[in-house]
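Asker: how does the following fold in three dimensions:
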Amino acid sequence: MLGSSTTDNYHTTFTTIEIGGTILQDVRIANKLSDYLSRGLKMDGPTTIWLNKKKYIIGVQLPDGARYAAKPGGFVFMAVLATLLIPFFGAGLIIWLFILLGYPEYRRQQQFIKGHPNTVVLT
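Answerer: Model prediction:
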(Lines give C-alpha, C1' and ligand atoms only; values in the text may rest on other atoms or scores of the structure.)
Protein backbone atom coordinates (compact mmCIF):
# COMPACT_ATOMS: atom_id res chain seq x y z
CA MET A 1 0.00 0.00 0.00
CA LEU A 2 1.20 3.47 -0.84
CA GLY A 3 0.10 6.38 1.32
CA SER A 4 -0.29 9.94 0.18
CA SER A 5 2.63 11.55 -1.56
CA THR A 6 4.18 14.83 -2.58
CA THR A 7 6.20 15.19 -5.75
CA ASP A 8 8.82 17.66 -6.92
CA ASN A 9 10.78 17.66 -10.18
CA TYR A 10 12.95 14.67 -9.24
CA HIS A 11 11.52 12.81 -6.24
CA THR A 12 8.30 11.58 -4.71
CA THR A 13 7.94 11.39 -0.93
CA PHE A 14 5.43 8.88 0.38
CA THR A 15 4.04 9.44 3.86
CA THR A 16 3.56 5.68 4.26
CA ILE A 17 4.60 2.55 2.38
CA GLU A 18 3.44 -0.86 3.58
CA ILE A 19 5.19 -3.89 2.11
CA GLY A 20 4.77 -7.36 3.56
CA GLY A 21 3.63 -6.17 6.96
CA THR A 22 6.45 -3.64 7.24
CA ILE A 23 5.39 0.00 7.46
CA LEU A 24 7.82 2.69 6.37
CA GLN A 25 7.15 6.39 6.82
CA ASP A 26 8.44 9.45 4.95
CA VAL A 27 10.25 7.50 2.26
CA ARG A 28 11.57 9.17 -0.90
CA ILE A 29 11.94 7.62 -4.33
CA ALA A 30 13.12 8.91 -7.70
CA ASN A 31 10.15 9.78 -9.91
CA LYS A 32 11.55 7.36 -12.49
CA LEU A 33 11.10 4.48 -10.03
CA SER A 34 7.79 5.39 -8.41
CA ASP A 35 5.70 3.96 -11.28
CA TYR A 36 7.52 0.62 -10.97
CA LEU A 37 6.91 0.57 -7.23
CA SER A 38 3.20 1.24 -7.77
CA ARG A 39 3.01 -1.45 -10.43
CA GLY A 40 4.83 -3.96 -8.23
CA LEU A 41 2.48 -3.42 -5.31
CA LYS A 42 -0.54 -4.07 -7.56
CA MET A 43 0.89 -7.40 -8.79
CA ASP A 44 0.46 -10.72 -7.02
CA GLY A 45 3.57 -11.73 -5.08
CA PRO A 46 6.25 -9.97 -3.10
CA THR A 47 7.69 -6.60 -4.11
CA THR A 48 11.18 -5.92 -2.77
CA ILE A 49 12.66 -2.48 -2.21
CA TRP A 50 16.19 -1.43 -1.31
CA LEU A 51 16.64 1.60 0.91
CA ASN A 52 19.74 3.57 1.68
CA LYS A 53 20.37 4.98 5.15
CA LYS A 54 18.39 8.14 4.44
CA LYS A 55 15.08 6.35 3.70
CA TYR A 56 15.57 6.74 -0.02
CA ILE A 57 14.51 3.86 -2.28
CA ILE A 58 17.39 3.00 -4.62
CA GLY A 59 15.97 -0.17 -6.13
CA VAL A 60 12.69 -2.00 -6.73
CA GLN A 61 12.15 -5.67 -7.61
CA LEU A 62 8.74 -6.61 -8.95
CA PRO A 63 7.04 -9.95 -8.22
CA ASP A 64 7.92 -11.13 -11.74
CA GLY A 65 11.63 -10.75 -10.92
CA ALA A 66 12.25 -7.56 -12.92
CA ARG A 67 14.59 -5.24 -11.03
CA TYR A 68 14.85 -1.48 -11.52
CA ALA A 69 17.14 1.25 -10.19
CA ALA A 70 17.55 4.94 -10.92
CA LYS A 71 20.94 5.95 -12.24
CA PRO A 72 22.80 8.10 -9.73
CA GLY A 73 23.79 11.23 -11.52
CA GLY A 74 25.16 14.67 -11.36
CA PHE A 75 28.19 13.94 -9.21
CA VAL A 76 30.86 14.70 -11.81
CA PHE A 77 28.95 17.72 -13.12
CA MET A 78 28.58 19.16 -9.63
CA ALA A 79 32.27 18.56 -8.85
CA VAL A 80 33.36 20.46 -11.97
CA LEU A 81 30.88 23.26 -11.27
CA ALA A 82 32.03 23.55 -7.65
CA THR A 83 35.67 23.75 -8.69
CA LEU A 84 34.91 26.49 -11.22
CA LEU A 85 32.94 28.50 -8.64
CA ILE A 86 35.64 28.53 -5.93
CA PRO A 87 37.02 31.93 -7.08
CA PHE A 88 33.55 33.48 -6.79
CA PHE A 89 33.16 34.27 -3.09
CA GLY A 90 33.99 30.70 -2.13
CA ALA A 91 30.65 29.46 -3.45
CA GLY A 92 32.38 26.39 -4.82
CA LEU A 93 33.56 25.43 -1.35
CA ILE A 94 29.99 25.35 -0.10
CA ILE A 95 28.96 23.16 -3.04
CA TRP A 96 31.95 20.88 -2.35
CA LEU A 97 30.73 20.48 1.21
CA PHE A 98 27.36 19.22 -0.04
CA ILE A 99 29.08 16.97 -2.57
CA LEU A 100 31.24 15.35 0.12
CA LEU A 101 28.25 14.86 2.40
CA GLY A 102 26.28 13.15 -0.37
CA TYR A 103 29.10 11.05 -1.80
CA PRO A 104 28.59 7.99 0.45
CA GLU A 105 24.96 7.68 -0.72
CA TYR A 106 26.06 8.10 -4.35
CA ARG A 107 28.56 5.23 -3.88
CA ARG A 108 25.94 2.98 -2.22
CA GLN A 109 23.66 3.43 -5.19
CA GLN A 110 26.47 2.64 -7.62
CA GLN A 111 27.38 -0.47 -5.62
CA PHE A 112 23.76 -1.61 -5.61
CA ILE A 113 23.66 -1.39 -9.41
CA LYS A 114 26.98 -3.24 -9.78
CA GLY A 115 25.90 -5.90 -7.27
CA HIS A 116 22.70 -6.66 -9.18
CA PRO A 117 23.79 -7.12 -12.81
CA ASN A 118 20.29 -7.83 -14.21
CA THR A 119 18.94 -4.50 -12.97
CA VAL A 120 17.37 -2.14 -15.47
CA VAL A 121 18.98 1.25 -14.78
CA LEU A 122 16.64 4.12 -15.54
CA THR A 123 18.39 7.25 -16.78
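Asker: before we move on, what SS does the spatially closest residue to Gly20 that is not a sequence neighbour have?
Answerer: In space, and not counting its chain neighbours, Gly20 is closest to Pro46: 6.2 Å by CB to CB, 6 or more residues apart in numbering. The way it works is simple: take the backbone N, C-alpha and C, and place the C-beta from them, glycine included. Look at Pro46: counting by DSSP: H, G, I helix; E, B strand; the rest coil, its state is coil.
Asker: tell me the spacing between Pro46 and Ile29.
Answerer: 18 Å (CB to CB, to the nearest Å).
Asker: which of the two has more residues huddled nearby?
Answerer: Neighbours per residue, other CB atoms under 10 Å: of Pro46 and Ile29, the larger number sits with Ile29, 27 against 11.
Asker: which strand or helix spans Met78?
Answerer: Assigned by DSSP states H and E, Met78 belongs to helix 75-85.
Asker: could you say what helices and strands that helix packs with?
Answerer: Applying 3 or more CB pairs under 8 Å, 6 or more residues apart in numbering; DSSP states H and E, we find helix 75-85 packed against helix 91-115.
Asker: and the contacts of the helix it packs on?
Answerer: With CB atoms under 8 Å, 6 or more residues apart in numbering as the contact definition, helix 91-115 has outside contacts at 50, 52-54, 56, 58-59, 69-72, 75, 78-79, 81-86, 119, 121.
Asker: then stretch 46-60?
Answerer: Stretch 46-60 is touched from outside by 17, 19-20, 24, 26-30, 33, 36-37, 40-41, 61-63, 67-70, 105, 108-109, 112, 116, 119, with contacts defined as CB under 8 Å, 6+ apart.
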